[in-house]
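1. show me how the following folds:
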Amino acid sequence: MIALLAAIVAAGMILPHALRLQRVHQVTAIVLWLSSLALRALTGALAVVCLLFFLPRTQLFSAMTHWCLDVAWPFVGSELQVEGHGLADVALYLPGIALSLSLLYMCYRTAQSARQARHLIEHDVLGDGPRESLIVSGTGVVFAVAGLIRPRIVVSAGALIWLDDEELDAALDHERAHIVRRHRFVMLLAVAFAALGRAIPGTHCAIRELAFQLERDADRWALQQRNDRLALASVICKTAAAEPIAPPALASLGSTGVRERLSQLLNEHPAGQARPAATALNALATAMVICTLLLAAVVPTAALAGIGDDAHRTHHPNHCHH
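-> Numbers count the residues shown, from 1 in each chain. Below is the predicted model:
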């Protein structure tokens with residue numbers, strides 16, 4: 001049963017990388033990548049729980065730690081007794097410490113970005129822009145969303161100079177999509193998952209692919225507002241070479257997957273997934289969400305069981321005998 005669960009979780013983490021999701025419906029792709037990141041985070045947490053509570057009870061662990069060594073200190077004329085059990089205890093806590101530090105670093109970076117975004121909105125703004133946006137200095141064409149709780153669209157002064165009305169409307173709707181669709185919370189959740197699953201290969205790639213799908217989703221929302229697709233493609237090209245506003249809550253409009261997004265925008269009827277393939281991917285996304293929820297229930301249950309067993313267990317220290 002455990003081997004089957006491990007195989008399912010591993011498949012859930014690997015499958016989004018193996019599938020071609022660039023032209024899949026963006027919501028399905030977002031669910032797949034976010035579930036993959038969640039499985040990585042839960043796997044990392046479950047591994048720490050197993051190391052702390054279950055590995056020490058195995059015969060293999062007892063055999064590997066039942067030793068001691070007397071190390072001579074020639075300069076002081078004494079000996080230091082090193083026990084295998086003590087070293088093993090230190091080794092068991094290291095993954096948990098690393099996981100905690102990674103999560104704390106993520107919280108620190110998020111808080112720092114929030115402070116910088118608030119400073120940008122409160123002190124570096126030149127004035128109010130079109131459609132409730134804020135104008136900041138800069139000669140390049142730059143758009144971004146700054147802020148987490150009360151996000152605002154930030155527009156560079158250069159964008160107002162170099163863009164025509166259709167391009168400006170398309171760009172503002174793209175950024176408005178990030179706010180309306182609550183992409184900032186999706187990315188914040190993904191970054192938290194990545195902090196817990198950092199040690200698992202492919203985590204950075206999953207974050208990058210998720211960001212690309214969020215940009216695709218914003219592109220589609222902007223087109224639904226009856227913006228011209230050529231105007232949106234044009235402003236993506238113009239922002240791709242611009243310096244980003246630091247620090248936006250989300251990436252700049254032209255910072256992620258530019259070539260593929262332009263290909264899809266310029267092709268009025270891009271080749272999508274056939275209905276059977278789309279149905280299969282939707283079923284896979286549903287299965288991954290269910291698997292994620294089940295694993296999310298397993299982790300705290302296993303932790304509570306391990307803590308309860310430790311509370312009722314008599315510990316016999318492994319002292320060296322001579």
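2. check what pLDDT Gly12 gets.
-> The model reports Gly12 with a pLDDT of 91.
3. check the gap between it and Arg208 for me.
-> Look at Gly12 and Arg208: by CB to CB, to the nearest Å, they are 19 Å apart. In short, each C-beta sits where N, CA and C put it, glycine included.
4. poorly predicted segments of the stretch 151-300 of the chain, please.
-> Where the stretch 151-300 of the chain drops to pLDDT under 70, the residues are 243-252, 254-255, 268-274.
5. quick one: the helices in it?
-> Counting by DSSP state H, counting those that start in this stretch, one finds helices in the stretch 151-300 of the chain at the ranges 157-162, 165-180, 183-196, 203-224, 229-240, 258-266, 275-312.
6. and for the stretch 1-150 of the chain?
-> 2-18, 26-49, 59-65, 84-123.
7. so which of those helices is nearest Leu281?
-> Leu281 sits nearest to helix 26-49 of all those, at 5.4 Å, using CB to CB.
8. I'd say Ala242 and Ser156 touch.
-> Yes: between Ala242 and Ser156 a contact is recorded at 7.4 Å, counting by CB atoms under 8 Å.
9. list residues touching both of these two?
-> Counting by CB atoms under 8 Å, 6 or more residues apart in numbering, the residues touching both Ala242 and Ser156 are Gly138, Gly140, Val141, Val142.
10. still on that earlier bit, comparing Gly12 and Arg208, which shows the higher neighbour count?
-> Gly12 (23 against 12; other CB atoms under 10 Å).
11. format the helices of the stretch 151-300 of the chain as CSV; extra columns: distance to Ala47.
-> Formatted as CSV, the helices of the stretch 151-300 of the chain follow (distance: least, CB to CB, whole Å):
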stretch, distance to Ala47
helix 157-162, 47
helix 165-180, 34
helix 183-196, 10
helix 203-224, 14
helix 229-240, 40
helix 258-266, 34
helix 275-312, 10
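12. of all those helices, which one is nearest Thr43?
-> helix 275-312 (7.6 Å).
13. of Ala242 and Ser156, which one has the most company?
-> Ser156 (25 against 20).
14. next one: the more buried one from Gly147, what distance?
-> The value you get for Ser156 to Gly147, if CB to CB is used, is 17 Å.
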